[in-house]
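> Give me coordinates for this.
(chains A, B, C and D)
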2 protein chains.
Amino acid sequence: MWRMARPRKPLLSRDRIVEAAGVLVDEEGLEAVSTRRLAAALGVSGPSLYNHFRTKDAILEAVADAVSAKVDLSMFAGVADGGSGGGSGGGSDGGKDWRGALYDWAHSYREALSDHPNIVPVLARGPGRRPAGLRLADAVFGAMTAAGWPPAQATRIGALMRYFILGSAVASFAGGFVDDETAYDPADYPHLGQAHLLAERRREVDEAAFETGLTALLDGLALQYEALRAGAPEAARPAPGC
Amino acid sequence: MWRMARPRKPLLSRDRIVEAAGVLVDEEGLEAVSTRRLAAALGVSGPSLYNHFRTKDAILEAVADAVSAKVDLSMFAGVADGGSGGGSGGGSDGGKDWRGALYDWAHSYREALSDHPNIVPVLARGPGRRPAGLRLADAVFGAMTAAGWPPAQATRIGALMRYFILGSAVASFAGGFVDDETAYDPADYPHLGQAHLLAERRREVDEAAFETGLTALLDGLALQYEALRAGAPEAARPAPGC
DNA sequence: ACCTGAACACCGTTCAAGT
DNA sequence: ACCTGAACACCGTTCAAGT
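Numbering: from 1, shown residues only, chains lettered A, B, ... in the order given. Predicted coordinates for the structure are as follows:
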């Protein structure tokens, strides 16, 4: 026979599988990824994948980590103790400011996610053991503590930035409405008369909301940082628990 | 035969199905909901469900809407033009302040979601045509415009609050790490030495981060509101697009 | 080591058949 | 109108068999 059970050189590799899975996720969504469909795209039969990954979910985790790896973390290098106000150039003692780094990082993060929105639900499950996800968490925490935030606060900043950025990617506001003028009866929803228009301006609306929210978040954190510096640590720690 | 194809009184109703589906989602997660499993819990066969819902997804949407319906919206009644600072009592002209309403609403929203975390991915898809989801969006937008926010800004506030609240429910920070001391090698992740401890303090850590983030967000928005009131609308509209 | 087809225990959904 | 069992076209995963 022509078909061999095992060719001289492997047909598959982890990289080829992740690559093909990523394309499938981007083009047709998470639900479209079945082991049979993915294997077919790679020219092999379904069970072959299990020679390279333990489960289908491990493949999706790898796709998610590849997206995390695209997030720029270089802005955290050199963040040091210093002011949070002023420009994005540097702090008072030469270190880069935490606020500018957080701003740039948030944009890079959001851009990576909006290039691959369908994988975001997998990313949202947390870094777990995914290397790129962990590097990201490590970089944020390291930079915030270097900037003078107490460890407990640095953890919270990493968490709340994650909520906002992943939330903006997974819970699109504008895309959540339907593009149907008759869908939102003014008698039921007096203020939703224009809501059907949101669907077609999705990108624009969500980008503006992200920018407004990010600015508010950083402004608010800067206020807490100032209070911290002014020697009123309680004011900067409104929450219970360590 | 004893078994009839159709009993005198219907065995099923939309409400009974939604109720049972909600229990299944809460106890075993979204993936555990199959039409056969759900039907078995209700004492009927799988296809029976299709007499009451068009698809399985429509059932999950109904479960999600039931959770949305639990979010308190009463704090938006009576929000009017006025200051955003001060106490949570009222604005300068007798209307309740938008900031206090947003704060209370965010907590009520988060509480509803944390009671039913497994359904959040369905909620995150947006209100679509779900009545309770739409009432929620309507109430926020109506209250923010009543408080004096320009419509475009009111839309953004609804969106960014949604990002943050749904993000905190779907993208738990602490729960994203594994409870395994050996998982995070200090050589790879110099600042993640205590990360494995997050898993067991999940609730505490996520609650503190939510509180810190919400306060920062509202502080930042208050700054924008003040700038708006001071007659510098550009300062309050840092984002492009209407 | 790495791929195959067959098989197992599932899915969501349709549909003719019953009352 | 509302429930049933049978059927269709799928799933993820295991496994013995091939080279």
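> mind pulling up the phi and psi values for residue A:79?
Main-chain dihedrals, residue A:79, degrees, to the nearest 10: phi -70, psi 130.
> For the residue nearest to it when sequence neighbours are not counted, pull up the helix or strand it's in.
Using Cβ to Cβ, 6 or more residues apart in numbering or on different chains and skipping the chain neighbours, the partner closest in space to residue A:79 is residue A:143 (4.1 Å). C-beta coordinates here come from the backbone N, C-alpha and C atoms, glycine included. Taking DSSP states H and E as the criterion, residue A:143 maps to helix A:131-146.
> out of all of them, which helix in chain A is the longest?
Criterion DSSP state H: the longest helix present in chain A is helix A:202-229.
> what packs against it?
In this structure, helix A:202-229 makes packing contacts with helix A:98-115, helix A:151-170, helix B:151-170, helix B:202-229, judged by 3 or more Cβ pairs under 8 Å, 6 or more residues apart in numbering or on different chains; DSSP states H and E.
> Against DNA strand D - does the following helix or strand past the shortest one have any residue that ends up touching it?
To tie it back to what came earlier, the one meant is helix A:98-115. Sequence order places helix A:120-123 as the next helix or strand after helix A:98-115, per DSSP H and E. No. Using Cβ under 7 Å from any atom of the strand, helix A:120-123 never reaches DNA strand D; the gap is at least 13.5 Å.
> so what does helix A:120-123 touch, helix or strand wise?
Short answer (3+ Cβ pairs under 8 Å, 6+ apart): helix A:120-123 packs on helix A:56-68, helix A:151-170.
> domain ranges for chain A?
Chain A resolves into domains spanning A:12-54, A:73-233 when parsed by automatic domain parsing.
> Identify, out of these, the most deeply packed stretch.
Of those, the one with the most neighbours on average (mean count of other Cβ atoms under 10 Å in any protein chain shown) is domain A:73-233, at a mean of 20.
> for the record, mean pLDDT for that domain?
Average pLDDT, domain A:73-233: 91.
> picking up where we left off before, for the helices and strands packed on helix A:120-123, could you give me TSV that also reports distance to residue B:46?
Shown next, in TSV, are those (distance: least, Cβ to Cβ, whole Å):
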stretch	distance to residue B:46
helix A:56-68	24
helix A:151-170	30
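> what about those helices, which gets the closest to DNA strand D?
helix A:56-68 (3.4 Å; Cβ to the nearest atom of the strand).
> Contacts for the helix holding residue A:143 next, please.
Identification of contacts with helix A:131-146 by Cβ atoms under 8 Å, 6 or more residues apart in numbering or on different chains yields A:64-66, A:68-69, A:71, A:73, A:76, A:79-81, A:95, A:98, A:101-102, A:105, A:109, A:123, A:126-127, A:151, A:153-155, A:157-158, A:161, B:176, B:184, B:188-192, B:195.
> angle of that helix against helix A:98-115?
160 degrees (axes from the mean of the first three to the mean of the last three Cα atoms, to 10 degrees).
> Dump the helices and strands packed on helix A:202-229 into CSV; add distance to DNA strand D as well.
Compiled in CSV, the helices and strands packed on helix A:202-229 are given as follows (distance: least, Cβ to the nearest atom of the strand, whole Å):
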stretch, distance to DNA strand D
helix A:98-115, 23
helix A:151-170, 21
helix B:151-170, 22
helix B:202-229, 25
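> Which one of these lies nearest to DNA strand C?
Comparing the helices and strands packed on helix A:202-229 by their distance to DNA strand C (Cβ to the nearest atom of the strand), the top pick is helix B:151-170, with 21.1 Å.
> who does that closest one touch, helix- and strand-wise?
Under the contact definition 3+ Cβ pairs under 8 Å, 6+ apart, helix B:151-170 sits against helix A:151-170, helix A:202-229, helix B:98-115, helix B:120-123, helix B:131-146, helix B:202-229.
> Pull the distance from it to the chain's centre.
With Cα atoms, centre = their mean, to the nearest Å as the basis, helix B:151-170 stands 10 Å off its chain's centre.
> quick check: angle from it to helix B:202-229?
Using the same axes, to 10 degrees: helix B:151-170 against helix B:202-229 is 170 degrees.
> Distance of the most centrally placed residue in chain A relative to residue A:197?
Residue closest to the average C-alpha location in chain A (Cα atoms, centre = their mean): residue A:166, at 4.7 Å. Applying Cβ to Cβ, to the nearest Å, the value for residue A:166 to residue A:197 is 26 Å.
> same check, this time on residue A:24
Look at residue A:24 and residue A:197: by Cβ to Cβ, they are 32 Å apart.
> One more: residue A:28?
Distance of residue A:28 to residue A:197, given as Cβ to Cβ: 28 Å.
> Please tell me I have it right and residue A:193 contacts residue A:182.
No. Residue A:193 is beyond contact range of residue A:182, at 11.7 Å (criterion: Cβ atoms under 8 Å).
> which residues touch the nearest residue to residue A:107 once chain neighbours are set aside?
Leaving out its chain neighbours, the residue that sits closest to residue A:107 by Cβ to Cβ, 6+ apart is residue A:214, at 7.9 Å. Counting by Cβ under 8 Å, 6+ apart, residue A:214 makes contact with A:103, A:106, A:107, A:164.
> Noted, bye for now.
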